[in-house]
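[1] The following comprises the amino acid sequence and a computationally predicted model.
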Amino acid sequence: MAKKQKKATPERAPTKHQLSKWQRQMRIRRVVIIAAVVFLAGILSWVGYEYYEDYKSDPLREVVIEVNDASFNMGYFINMLDVYTAGMESDVISDWADQYGGLVADEIIKAELLRQGAKNLNIAVTAAEVDAGLEGAGLPDNEACRDIVRGVLLQVKLEEYFDSPLRLPNTMEQAHVQAMLVESQEIATELIAEIEAGGNFTALAEEFSCNSSIAGDLGWLPQELMPNTLIADAAFNLTPGETIHTIYDDAAIKEVGYWLIEVTGRQDDEVEARAMLLGSEAEAEQVRTELVSGNFSSLAKAYSQHESKDEAGELGLLKRGDMDSEAFDQVAFNITVNEVSEPVKDTSVKTAGGYWLVRVVDRGEHELEGETRKEMVDKRFSDWLEEWKGNSTIENRLNEEKKKFAAEKVLERREATP
């Protein structure tokens, strides 16, 4: 016969006294845990703060340049400045710290833009290629030199990329153009008549052009390489032939100007003068005529291209050389007081506005080779880099003081090196 199982004794509920005791224990435990966490957090915060203060107090760790997600600190900048100024005299580095520092900062930014942009095009430079570049250039193997060599090699590869037949064909529509910039409509009319009578365009451009960088026979050029949009429009829209087209360009920069000078006082070797700088002899003659019944100050404000126009042409007291113009001095220190000079031609100044003479000799498909092809590659590379730069976030925190600090560190380093 089975034994009767004893009934399980039910667990007794804790008394109020026991609950109260356990609650006190739990509260104490929580207090201890919280205290421990707070203490630990305080220790970590203190350590972190000390580290941050140390970091902040070390100027070499300060980030001075950012290019998208890449950052460069002062130590890196100093290393790059050291490499780029190698061989320079100490006083040159010290006196020109702001200028050289700015150039080096630009090189750092360009190299990083090249690296990031090339990566997007699946173009890279291997460590072995950098090693070979360092050896070929005789440079030490350090971070700064490696980055410089990498940037140079990346640019070569990118130029090869843009020179690919898939991106730059062997032939393109091109135009054979002759062009020159002259100062006035009067001169343009005279030259057109002379050229149509058999005069040599190129020879006349050498004599009369006011812009030496765009003068004479420009040869065969694609539209992308035309000197400006006005010449490009003429080259690819006008019928080729012997007709010479005159195009006014108010933004064109001429390497000539004309002064109208009035000396209002003279003492010892100084003169008190006012002047206007005009863009052509014809304009200067016209303004001089208006002075008979007009006011010098108002005409200077209206027509002068010199910075003194805001002061109504007033230049104050001048010594020889103050205007950096021999042509100006030759007249200003010899004319009669209160007499306005004849127009004074000055080829040491630049003025805006002129007339292009453009002749489209021929147009059609033409080989893209030699220097023209190289210029096309350079332009497409430059356009790509500018576009990538424009789409990038760049911060350059280097001011004059920081660049001077970097130059001092470079010089200290060199003095410490035996």
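    Here it is on my side, so go on.
[2] What separation do you get for the one residue sitting closest to the centre of the chain and residue 394?
    Residue closest to the mean C-alpha point of the chain, counted by CA atoms, centre = their mean, is residue 106 at 8.5 Å. From residue 106 across to residue 394, the span is 10 Å (CB to CB, to the nearest Å). All C-beta spots, glycine's among them, are computed from the backbone N, C-alpha and C.
[3] picking up where we left off before, so the residue nearest to the centre of the chain is in which element?
    Assigned by DSSP states H and E, residue 106 belongs to helix 97-120.
[4] just checking, what packs against that helix?
    strand 63-67, strand 70-73, helix 74-84, helix 143-162, helix 370-390, strand 394-396, helix 400-416 (3 or more CB pairs under 8 Å, 6 or more residues apart in numbering; DSSP states H and E).
[5] Partner strands of the shortest one, with direction?
    So that's strand 394-396. Using DSSP bridges, the strands paired with strand 394-396 are strand 63-67 (antiparallel).
[6] And the residue nearest to the centre of the chain, how far from residue 395?
    Distance of residue 106 to residue 395, given as CB to CB: 14 Å.
[7] Please list all residues in contact with the nearest residue to residue 298 once chain neighbours are set aside.
    Computed as CB to CB, 6 or more residues apart in numbering, the closest residue to residue 298 that is not its neighbour in sequence is residue 312, at 7.6 Å. Applying CB atoms under 8 Å, 6 or more residues apart in numbering, we find residue 312 in contact with 274, 296-298, 300-301.
[8] in the stretch 1-150 of the chain, which ranges drop under the pLDDT threshold?
    Residue ranges of the stretch 1-150 of the chain with pLDDT under 70: 1-57.
[9] switch to 90 and redo it
    1-59 (pLDDT under 90).
[10] try the stretch 301-418 of the chain
    Scanning the stretch 301-418 of the chain for pLDDT under 90 picks out the ranges 369, 416-418.
[11] Look up how far residue 208 lies from the residue lying closest to residue 111 once chain neighbours are set aside.
    Using CB to CB, 6+ apart and skipping residues adjacent in sequence, the residue nearest residue 111 is residue 151, 3.5 Å away. Using CB to CB, residue 151 is found at 44 Å from residue 208.
[12] go on, residue 181?
    Residue 181 sits at a distance of 9 Å from residue 208 (criterion: CB to CB).
[13] For residue 339, grab phi and psi.
    When quoted as degrees, to the nearest 10, the phi and psi of residue 339 stand at phi -120, psi 130.
[14] ok, back up a step: give me the number of residues near the residue nearest to residue 111?
    As a burial measure, residue 151 scores 20 neighbours (other CB atoms under 10 Å).
[15] got it, and the one 5 residues further on?
    Summarising burial for residue 156: neighbours were counted as other CB under 10 Å, giving 12.
[16] Enumerate every residue touching it.
    Applying CB under 8 Å, 6+ apart to residue 156 gives no contacts.
[17] rewinding a little: next, the buried residues of the helix holding residue 106.
    By neighbour count with 16 or more other CB atoms under 10 Å, helix 97-120 contains the buried residues 97-98, 100-101, 104-105, 107-109, 111-115, 117-118.
[18] Contact partners for the closest residue to residue 259 other than its chain neighbours?
    Excluding the flanking residues, the one nearest residue 259 by CB to CB, 6+ apart is residue 344, at 4.1 Å. Counting by CB under 8 Å, 6+ apart, residue 344 touches 258-261, 327-328, 330-331.
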